[in-house]
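[1] Sequence and predicted structure below; questions after.
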Amino acid sequence: MAAVDLKTYRSNSMAGALAEVKKDLGPEAVILRTRNYKAGGTLGFGAKTVVEITAAREAPAETRARSRPGSALAPGALARMRAAAGARDHGMPVIAQTPSKQARFDPPEIGAAPIQPQPKPQAPDAGVDFEPPATTRVRFRPTGESAQIALESELASIRSLVGDVLRTARKTAIRVEGAEAFSAGAGGPGDALFSLYGTLCDNDVAEDIADEIVGDVRGSLSTEEAGDRRIVREAALRAIAGRIQTFDTSTERPETQTVQALIGPTGVGKTTTIAKLAASYKLRHGRSVGLITADTYRIAAVDQLRTYAGIIGLPLEVVLSPSDIPAALERQAGCDIVLIDTPGRSPRDSTKLGELSDVLEAAGSPTTHLVLSAGASLGVLRSAADRFGELKPDALILSKTDEAGTIGVLCEALRLTGLPMSYLTTGQEVPDDIEPARADRLARAILDGGLGT
């Protein structure tokens, strides 16, 4: 038996391994064995698929003489069929394997004629290469309605599983140019970027926004810098802050009266926010402030604002309809700032939203702040941004940040509304728990999972 010079080649793709075989052994090389396995990574993450091919410059003579057709897919046959297809594309001969012998194998094709009995091939004469008969072609088709339903159900399950795998893969993959240069293993250059992506998603930043932030960070750093967690964090803070526009909340004394109104869904804390703003303007900045409430749908809201007004020492006007607002503003003509509290409205109630539009129009198109809760779901944010956006608000206030585990939803709120941030509220205390929005502070809160101190 003549010795056969076997060589093994490895690559991260079948095409790459076949190219190495062809380069080293020539186009007449014969594929004898293929296998795939995982290598590298940490705790199962970041492992790469390695394709291994065993080949020889030519097939052993005894193998060619004893080859016979396969009747079924042996274990590992599918991988060998794929290797064979790739090898043929490269102009290389293939010897596929069964558990006991090597044989040339033509896979069955779908859509062919029914199975026909084949005569048993006669043993070949000694010293003569045996050419097997043509492979039987089989048409795969469900045998009945129940089988068809079962097949469709199985395909649906497979599609669902593939979708789940792809969604999971997005959370551990960074789509950037030259991604091959990054290792997902601990300490690799891409480890800090993978960690950043996971942190953003854990803090309720939408996946596509997290993708964009990580992409911005990667594009601004060299490969060496991308491996330094401190540098990556600083770059991430800049990328996040760059997405946050802030509204001018200057408290310099205005030459003319400033009228501001707060709008938003029910339960987001507009009345408490009005009280915080009023107390801050008067007690911290020495401005004269007037209050108007149009929220007569909730008696408690009127009583709550009246209590705050009495404590702070502010004039309060209660209006029953939009037509009462001009007279109320005229009675507060001596105030530097007038704050208007409006009733909460459901984004799905078009009639009530129309009434709210009448209130704003009667107030002379004031500076309008849309108040949204940090604890709102993405669905609520989208609905509120869409419907209240029709009222053309000027700025966004994020309320109840103390009640939310994270404030990553702020990124989505800013994107959906396209508004700059004016204020955020951090608790129930009046006037302490309100502050003007600062992009750098909000970026740290988004990345760290909360405002902290």
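    Cool, got the structure. Numbering: from 1, shown residues only.

[2] Which residue ranges of the stretch 101-250 of the chain form strands?
    102-103 (DSSP state E, counting those that start in this stretch).

[3] which regions of the stretch 1-150 of the chain lie under the pLDDT threshold?
    Low-confidence segments of the stretch 1-150 of the chain, defined by pLDDT under 70: 1-4, 41-46, 59-143.

[4] In terms of secondary structure, what does the one helix or strand E330 maps to contact?
    Under the criterion of DSSP states H and E, E330 resides in helix 325-331. In terms of contacts (3 or more CB pairs under 8 Å, 6 or more residues apart in numbering; DSSP states H and E), helix 325-331 is packed against strand 289-293, helix 350-362. For every residue, glycine as well, the C-beta is placed using N, CA and C.

[5] averaged over its residues, what pLDDT does that helix have?
    On average, the pLDDT along helix 325-331 is 92.

[6] partner residues bridging the residue nearest to L329 when sequence neighbours are not counted?
    The shortest distance from L329 to any non-neighbouring residue, by CB to CB, 6 or more residues apart in numbering, is to V338 (6.4 Å). Per DSSP bridges, the residues bridged to V338 are V259, G290.

[7] Report how many residues lie close to V338.
    The number of residues packed near V338 is 24, by other CB atoms under 10 Å.

[8] So which bits of the helix holding E330 are buried?
    Going by neighbour count (16 or more other CB atoms under 10 Å), the buried part of helix 325-331 is 325, 328-329.

[9] Then stretch 256-270?
    For stretch 256-270, by 16+ other CB under 10 Å, it's 258-265, 268-270.

[10] Now the terminal residues of that stretch, how far apart.
    Criterion CA to CA, to the nearest Å; first-to-last residue distance in stretch 256-270 is 25 Å.

[11] So V359 sits against D324, correct?
    No. Applying CB atoms under 8 Å, one finds V359 not in contact with D324, separated by 10.0 Å.

[12] neighbour-wise, which of these two wins?
    V359 (22 against 15).

[13] between the helices and strands packed on helix 325-331, which gets nearest to P27?
    Between P27 and the helices and strands packed on helix 325-331, the shortest gap by CB to CB is with helix 350-362, which sits at 72.0 Å.

[14] and that closest one, what other elements does it pack with?
    Looks like helix 350-362 contacts strand 258-263, helix 325-331 (3+ CB pairs under 8 Å, 6+ apart).

[15] could you pull out the strands for the stretch 251-400 of the chain?
    Per DSSP E, counting those that start in this stretch, the stretch 251-400 of the chain carries strands over the ranges 258-263, 289-293, 316-318, 337-341, 367-373, 395-399.

[16] Show me which residues of the longest one are buried.
    What that stands for is strand 367-373. So strand 367-373, judged by 16+ other CB under 10 Å, has buried residues 368-373.

[17] Save the residues you listed as TSV, and put in pLDDT and distance to A147 too.
    TSV is the format used below for the buried residues of strand 367-373 (pLDDT from 0 to 100; distance: CB to CB, whole Å):
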residue	pLDDT	distance to A147
T368	92	62
H369	94	62
L370	93	56
V371	92	58
L372	91	52
S373	88	52
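
[18] Return the member of those nearest to D211.
    Nearest to D211 among those, with distances taken as CB to CB, is L372, at 23.5 Å.

[19] residue contacts, the residue nearest to V380 when sequence neighbours are not counted?
    Distances taken as CB to CB, 6+ apart place P265 nearest to V380, at 7.3 Å, with adjacent residues excluded. By CB atoms under 8 Å, 6 or more residues apart in numbering, the contact list for P265 reads 344-347, 372-373, 380, 384, 388.

[20] any idea how far P265 lies from S399?
    As judged by CB to CB, to the nearest Å, P265 and S399 stand 11 Å apart.

[21] Overlap in contacts, these two.
    372-373.

[22] Tell me the pLDDT of the nearest residue to Q304 once chain neighbours are set aside.
    Distances taken as CB to CB, 6+ apart place T271 nearest to Q304, at 5.5 Å, with adjacent residues excluded. Here, the pLDDT recorded for T271 equals 88.

[23] Surely T271 is in contact with L339?
    No. Counting by CB under 8 Å, T271 sits too far from L339 to count as a contact (10.6 Å).

[24] where exactly do the helices run in this protein?
    Secondary structure of the chain, counting by DSSP state H: helices at 14-25, 61-66, 77-89, 145-170, 191-202, 207-220, 229-241, 270-279, 299-312, 325-331, 350-362, 378-388, 409-417, 439-448.

[25] Contacts only, for L360.
    Listed by CB under 8 Å, 6+ apart, the contact partners of L360 are 261, 263, 342, 366, 368, 391.

[26] mind giving me the domain split of the chain?
    According to automatic domain parsing, the chain comprises the domains 6-103, 164-241, 258-448.
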